[in-house]
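**Q** Below are the sequence and a predicted model; questions follow.
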Amino acid sequence: MKKFVIALSTLLLSSTAFASWTQEQKDTFSELLWVPEQAATPEDTMNLVQFIDCLTKYYESKYTFEQVHRWWYEPPRTELVKEFVIVNAECKRMILAQVNSTSI
């Protein structure tokens, strides 16, 4: 698990030189993840945007947009749900660490 977290962190912090999604595809993916109820304040909105960006970078680096978009509408598969939960938690951890390091 520790190796996965380190690999994920490295992946998320690395360059997006291998990115293959168009801006329109990134926007579509972001819209799927956007939850307006979680953006009650400007700080919440900024954190949600960073969180969605983190998830987008991960999935963009690993899968085609068509794969991810298709999975969104299919019945959940255990391995994909587990991966999403892990990536979700790592993105949240990274954002919280950033917020805590910049808090006054």
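**A** Noted; the coordinates are in hand. Because the structure is a prediction, the values reported are computed rather than measured.

**Q** Going by secondary structure, residue 67 is in what exactly?
**A** Here residue 67 sits within helix 65-73, counting by DSSP states H and E.

**Q** which residues are contacting that helix?
**A** Contacts with helix 65-73, where a contact means C-beta atoms under 8 Å, 6 or more residues apart in numbering, come from 20-22, 25, 28-29, 32, 59, 77, 80. Heads up, the C-betas are built off the backbone N, CA and C, glycines and all.

**Q** Distance from the helix ranked longest in the chain to the middle of the chain?
**A** Assignment by DSSP state H gives helix 78-102 as the longest helix of the chain. Between the centre of helix 78-102 and the centre of its chain there are 8 Å (C-alpha atoms, centre = their mean, to the nearest Å).

**Q** Check the average confidence over it, would you?
**A** For helix 78-102, mean pLDDT is 91.

**Q** Next, the buried residues of it.
**A** 83, 87, 90-91, 94-95 (16 or more other C-beta atoms under 10 Å).

**Q** Point out the other elements, helices or strands, that it touches.
**A** helix 2-13, helix 42-62 (3 or more C-beta pairs under 8 Å, 6 or more residues apart in numbering; DSSP states H and E).

**Q** hmm, back to that, out of the contacts of helix 65-73, the closest to residue 38 would be?
**A** Nearest to residue 38 out of those is residue 32 (C-beta to C-beta; 14.0 Å).

**Q** List of residues touching the one helix or strand that closest one maps to?
**A** Using DSSP H and E, the secondary-structure element containing residue 32 is helix 23-33. Contact partners of helix 23-33, identified using C-beta under 8 Å, 6+ apart, comprise 21, 51-53, 55-56, 59-60, 65, 68-69, 72.
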